[in-house]
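K.L.:
What follows is a predicted structure for the sequence shown.
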Amino acid sequence: MDKIMEFKKLIAQYCDVAAEDMKDEMSFREDLGLSSLDFMSFLGEIEDTFDVELDLEEAVKIKTIGEALEMLDMLEVA
């Protein structure tokens, strides 16, 4: 499974949108309906699944799937 689909499947655990139907411009809160608590849990799952350490101050500013994928790309390169 590629990284993007794995990432979207993680999100799907917290919302009613199938991973296959997710688009980069979708908002975690408005489009996917994630609560603040769900979003924080999701960030923890990202750290565990992709073996990265997030800067939570920056991570909580993320609004869309695309922004989160960009952040993940930067962390994996570093």
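P.N.:
Sure, I can see it.
K.L.:
residues of the helix or strand bottoming out on mean pLDDT in the chain that come out buried?
P.N.:
In the chain, no helix or strand scores lower on mean pLDDT, DSSP states H and E than helix 65-77, which sits at a mean of 89. By neighbour count, and taking 16 or more other CB atoms under 10 Å as the criterion, the buried residues in helix 65-77 are 65, 67-69, 71-72, 75. (C-beta placed from N, C-alpha, C; glycine too.)
K.L.:
CA atoms only: put that helix into CSV for me.
P.N.:
Provided in CSV are the C-alpha atoms of helix 65-77 (Å, rounded to 0.1, in the frame of the first residue of the first chain):
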residue,chain,number,x,y,z
ILE,A,65,-5.4,16.4,3.9
GLY,A,66,-3.0,17.9,1.3
GLU,A,67,-1.3,20.1,4.0
ALA,A,68,-0.9,17.0,6.2
LEU,A,69,0.7,15.0,3.4
GLU,A,70,3.1,17.9,2.6
MET,A,71,4.1,17.9,6.3
LEU,A,72,4.6,14.2,6.3
ASP,A,73,6.8,14.4,3.1
MET,A,74,9.0,17.1,4.8
LEU,A,75,9.4,15.0,7.9
GLU,A,76,10.4,11.8,6.0
VAL,A,77,13.0,13.7,4.0
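K.L.:
Give the other helices and strands that it contacts.
P.N.:
Using 3 or more CB pairs under 8 Å, 6 or more residues apart in numbering; DSSP states H and E as the contact criterion, the secondary-structure elements in contact with helix 65-77 are helix 3-12, helix 36-50.
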